[in-house]
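Student: Any chance you can model this:
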Amino acid sequence: MVTYIIKIWLVITGFDIIVAEECQSKDYGNGGTVCVCSASSCDFIPPVERVDSPNCVIYTSNKAGLRFSKSEGTFKNITSNAWNPIFVDRSRTYQTIIGFGGAMTDAAGINIKSLSGEAQQNLMNLFRSYFGPDSIEYTMLRVPMGASDFSERLYTYDDSNSPDPELKEFKLEKEDFDYKIPYLQQAMELSGGKLKLLASPWTCPKWMKFIPSFVTMLGIIREDMLQPWANYYIKFLESYKENKLEFWGITTGNEPSVGLSPIPLPSIGFTSGGLSKWVANNLGPTIRDSNYSNIKIVTLDDQRIFLPMFIDDMLANPATRQYVDGIGVHWYFDKFIPSAVLDITHDHHPDKFLIGTEACRGELPWEPKVVLGSWERGEDYAKGIVEDLRHWFVGWLDWNIALNLKGGPNIVNNFVDSPILVNATADEFYKQPMFYAMGHFSKFIPQDSVRIEVSYFDPLVLTVAFRRPDDGILVNIINLRNDDLDVALVDRRIGQLDLRLTRRSFTSILYW
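Tutor: You can find the predicted model right below:
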């Protein structure tokens, strides 16, 4: 039963008053529930409020239907016989967090625009679900430079019929103005200007390639076009700046391995040596000698399977190494590649941050693309995030922030699932368990949080902990077990918190 009216938010945009309720749960029979948002209502998460020691705040989401259910607890004296202890050690510190988020693709914008005026404003509820103080507080968005496979057509910003190395015909496309820029501006406003944008290209113009096609195998750039391709980045950054959007970072290109394979996706093929040479001779100096010299350059933007060899080879060149700030990693096939490769990569390159730049479920050819209400897929996200954070990731970006019920649109029918699904026919959208899995991290782990040590004691109970910039401690516990579990959270600086983890749950504990 829905508990009504927590609070009323006035939307100061001239649109209707939006009434915020708890999750309006709907079960599609897929092992979990969605939360339904319409033109008149949506569930939100109020800002975190500090509590005095020895008290704490506890947020729980679970398979049974709780969504960020808030309660309070009190730390007590530590006992010698604590049941299932989870030990927090603030003295052992690791990486500093940059942020969490998703991607503003053409497909996301198309689905947002498919809703009615009120629902779009309540899709401000979608945006207010992702950005701002009563949201899950995303702080990063990845933005395709031109088309990705999640577009309705393949295009770049200079689709001249003949080579145009001086980029005289470069211009943003209709998709930028219809599906990206206005929504990025809204997200930036809601986040108080704190949103970090990461640009990533899927393909260059066809005339830059040896084989002039967006999706052909061996989509390699011609030698004489390597500098124009670097200049293309500057043109893109300038064009978005003219629209009051500036980027925190760029990647050297989405999944360079795809451009060397028969996979029919828009791509640019690069070997580690070829990418190293291009960064050293073209992209690096072009960016550092421009008005965007402080922008972060993130390389790889591809699967874990290529670590550490691809990066070791690429960064062996000191001329390349000086320009690269970070390493972007996609989560696909992680279950087949041990997380130890992340530790090895960090050990080899401790000055380069690791960040997750793409993830989704329904990605494997034999899987159903969209599963409404799947708690298992939410658990997959939570497991992946915990594993990556415990192995040096400074952030984690999901893929499309919104898709339709088919998992698209996608130009090559590469449909997948999404944390938010839009049902344009019913004029509503659905928050999947994946949304809440993301939120237990993005909401409570702000930028500049530092990971601290917290113990594991059960392979089905996953933990990760952080010291926040406000000196709060955040402990996330993922209970994958099919039964409730009593545990004791032990922090020697404050005491012992006894709590019960409900079955198949995400629990976030905050204390100061």
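
Student: Please count neighbours and contacts with C-alpha atoms only from this point.
Tutor: OK.

Student: for the stretch 51-200 of the chain, which spans come out with low pLDDT?
Tutor: For the stretch 51-200 of the chain, the stretches with pLDDT under 70 are 118-124.

Student: One more pass at 90, please.
Tutor: 82-83, 115-128 (pLDDT under 90).

Student: Give me the nearest residue to residue 85, chain neighbours excluded.
Tutor: residue 488 (4.6 Å; CA to CA, 6 or more residues apart in numbering).

Student: list the buried ones in the host helix or strand of that neighbour?
Tutor: Following DSSP states H and E, one finds residue 488 within strand 485-491. Of all the residues in strand 485-491, those buried under the rule 16 or more other CA atoms under 10 Å are 487-491.

Student: OK, contacts around the residue nearest to residue 85?
Tutor: 82-86, 496-499 (CA atoms under 8 Å, 6 or more residues apart in numbering).

Student: Name only those of these that count as buried.
Tutor: Buried, going by 16+ other CA under 10 Å: 82, 85-86, 496-498, out of these.

Student: Test for you: state the pLDDT assigned to the residue nearest to residue 85.
Tutor: You'll see residue 488 listed with a pLDDT of 97.

Student: now it: how far from residue 459?
Tutor: 17 Å (CA to CA, to the nearest Å).

Student: And for residue 254?
Tutor: For residue 254 relative to residue 459 (CA to CA), the value is 33 Å.

Student: Now do the contacts for residue 482.
Tutor: 503-504.

Student: Look at it and tell me its secondary structure.
Tutor: When classified by DSSP: H, G, I helix; E, B strand; the rest coil, residue 482 comes out as coil.

Student: Phi first, then psi, for it.
Tutor: Phi and psi for residue 482, reported as degrees, to the nearest 10, are phi -90, psi 20.

Student: Identify the single longest strand in this protein, thanks.
Tutor: strand 85-96 (DSSP state E).

Student: Tell me the helix or strand right after that strand.
Tutor: strand 99-103.

Student: What helices and strands are in contact with the helix or strand just after that following strand?
Tutor: Next along the chain after strand 99-103, taking DSSP H and E as the criterion, comes helix 106-113. Secondary-structure packing of helix 106-113 (3 or more CA pairs under 8 Å, 6 or more residues apart in numbering; DSSP states H and E): helix 117-130, strand 403-404.

Student: Let me see the residues that make contact with helix 106-113.
Tutor: 120, 123, 147-148, 150-152, 175-176, 178-180, 183, 400-404, 408-410, 422, 424.

Student: rewinding a little: give the pairing partners of the strand holding residue 488; include direction for each.
Tutor: According to DSSP bridges, strand 485-491 forms sheet pairs with strand 85-96 (parallel), strand 495-501 (antiparallel).

Student: returning to that earlier point: of the buried ones among the contacts of residue 488, which is the nearest to residue 347?
Tutor: Within the buried ones among the contacts of residue 488, proximity to residue 347 (CA to CA) peaks at residue 86, which comes in at 27.1 Å.

Student: Look up how far residue 510 lies from the residue nearest to the closest one when sequence neighbours are not counted.
Tutor: Nearest residue to residue 86, sequence neighbours excluded (CA to CA, 6+ apart): residue 489, at 4.8 Å. To residue 510, residue 489 is 11 Å away according to CA to CA.

Student: quick one: buried residues of stretch 314-323?
Tutor: Counting neighbours by 16+ other CA under 10 Å, stretch 314-323 gives 314-315, 319-321, 323 as buried.

Student: can you tell me the average pLDDT over it?
Tutor: Stretch 314-323 comes out at a mean pLDDT of 99.

Student: just stretch 409-423 next, same as before
Tutor: 98.

Student: so how far is that stretch from its chain's centroid?
Tutor: Relative to the centre of its chain, stretch 409-423 is centred 16 Å away, using CA atoms, centre = their mean, to the nearest Å.
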